Structures are given as C-alpha cells and as structure tokens.
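Engineer: One predicted model, sequence on top.
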Amino acid sequence: MYVPRHFAPEEAAVLDLLANHGAADLVTATPRGLLATLLPFEYDPDSGELGSLIGHMARANDHWREPAQGEAMVIVRGPEAYVTPSWYATKAENHRVVPTWNYVVAHVYGQLVVHDDPAWIEAQMRRLTDRHESGNAEPWSVDEAPAEYVEGRLRAVVGVEVLISRVEAKFKLSQNQPRRNVEGVVAGLEARDVDHDAALAAAVRAHNPDPAAP
C-alpha cells in the first residue's frame, strides 16, 4: 500500500479500526485465481502475536475450500467520501485545488485458518452478534432462537480466521491541507447530513487537531 507520511496512522488508531469496523473483504490467491468474500469480522487481540480476525462464511461458498497460496488479505474499511474543492478556503484565493477522496483503510495480512468446529463457530457467532446488538434498545440474543434451529445454522457455515502477520494502514483525512481547508472539509461533510459523512467528519477532525487548542 502506498502510504505518504501525512497519512500514516498511529498504531492505536489502527487497532481501533480493527476492533470497530463492520464487514471486510477476505481476499486469497488460489489455484483458481483470486477469490474474495465480504464477511463481518471480529478482531481477537489474544490470538497469535498480533491478534487475528475471526468470522464465518457459508459452507456452500467454495472460497474456504480453495487452499490459499501465500498470505490472505483482509481489506478493512472505515468511513470514506468524496471531497469537493468547493470546501477549500484556498479555492477562492488561487483555484489551485482538485477533488479528492478521503478514506480510512487497512490491509491486514496473515495465515488463513478454517475452523470446521461447531463450538468455535458458535462462540464466534455469539461474539459478533453481541457486539452489533449492543446498541439496540432490546438486544437480540442467539439464545432467543430455538436450539435445533441454531444447530442447523451452525452446520451451514464454517469458521475462518486470519492470524495477523502484518498490517498496512492509510488514513487519508486531509492532513496535507492547511487548517482553513480542513475546517472547510469538516463543515462540508457535516452539512451533507449523511451518517457516513458525519463519521468521516469526526475522523478528519480527530486526525487534524487544532494547534491553537489548549
């Protein structure tokens, strides 16, 4: 991944992305060529030296059956959005501005391990469900479903784990812009009143702290 100095995040920010992202793309090189599957992953910091990403996929998906050649890669994304030059204060001064795209992304590399074990899969399912249900007024629990139904669902999937060997991350959040342009980007994103834009605005603000602030 090409990561200019301006856009290299701190380790804590990367770990926060891994712990709080939604779904991510699992990509492997196989004898059939490149295969990719979008999966919701959970970050497990206690598995392996650098932690792991754990998830599950449909048993009918041949992706897990194809041996990975070399490392697997998981593409983990945070908020992203188009940035118009109209938000830049410097546009009115010299028009030396162009559109860009702000985004947060991490390429997570590691060994792919398949878990065809109902107990492992159930634990992963419960962990994933509990995290995503935690913000609901009445969180749903796996225990609400009939036991025989859950058993059937467990047989229909396999667990996957990527034991992390390295992470390359890029947080492109206007860090290369003067302060007045950064403020324009934040204001423009917030004015669009889109949930994902609000998250990106918060990220831009967090990674461009005001040097005048105490």
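Structural biologist: The structure has been received and is ready for your questions.
Engineer: can we go C-alpha only for contacts and neighbour counts from here?
Structural biologist: OK.
Engineer: If you count neighbours, what's buried in stretch 113-133?
Structural biologist: Neighbour-count burial for stretch 113-133 flags 113-116, 118, 121-122, 124-125, 128 (criterion: 16 or more other Cα atoms under 10 Å).
Engineer: Stretch 48-67 too?
Structural biologist: Within stretch 48-67, the residues scored as buried using 16+ other Cα under 10 Å are 52-57, 59, 63-64.
Engineer: In strands, which of these appear?
Structural biologist: 52-57 (DSSP state E).
Engineer: Could you save the residues you listed as CSV and add columns showing distance to Arg179 and pLDDT?
Structural biologist: Output for these, formatted as CSV (distance: Cα to Cα, whole Å; pLDDT from 0 to 100):
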residue, distance to Arg179, pLDDT
Ser52, 37, 97
Leu53, 36, 98
Ile54, 39, 97
Gly55, 40, 97
His56, 43, 97
Met57, 44, 98
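Engineer: Would you check which pair of those residues lies furthest apart?
Structural biologist: Comparing all pairs in those by Cα to Cα, the longest separation belongs to Ser52 and Met57, at 16.2 Å.
Engineer: separation between the residue nearest to Arg155 when sequence neighbours are not counted and Arg153?
Structural biologist: Closest residue to Arg155 apart from its sequence neighbours, by Cα to Cα, 6 or more residues apart in numbering: Pro118 at 7.0 Å. According to Cα to Cα, to the nearest Å, Pro118 stands 10 Å off from Arg153.
Engineer: Likewise for Phe7?
Structural biologist: 42 Å.
Engineer: higher neighbour count, those two?
Structural biologist: Between Phe7 and Arg153, counted using other Cα atoms under 10 Å, Phe7 has the larger neighbour count: 18 against 13.
Engineer: a markdown table for the buried residues of stretch 48-67, including distance to Glu80?
Structural biologist: Shown next, in a markdown table, are the buried residues of stretch 48-67 (distance: Cα to Cα, whole Å):
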| residue | distance to Glu80 |
| --- | --- |
| Ser52 | 24 |
| Leu53 | 22 |
| Ile54 | 24 |
| Gly55 | 24 |
| His56 | 26 |
| Met57 | 26 |
| Arg59 | 32 |
| His63 | 28 |
| Trp64 | 29 |
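Engineer: Grab the two from those residues that are most spread out in space.
Structural biologist: The most widely separated members of the buried residues of stretch 48-67, counting by Cα to Cα, are Ser52 and Arg59 (21.0 Å).
Engineer: what ranges do the strands span in the protein?
Structural biologist: So, for the chain - with DSSP E - the strands run 23-30, 33-40, 42-44, 52-58, 72-83, 100-115, 157-172.
Engineer: Next, format those as CSV and append distance to Ser134.
Structural biologist: Shown next, in CSV, are the strands of the chain (distance: least, Cα to Cα, whole Å):
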stretch, distance to Ser134
strand 23-30, 17
strand 33-40, 16
strand 42-44, 14
strand 52-58, 18
strand 72-83, 20
strand 100-115, 24
strand 157-172, 22
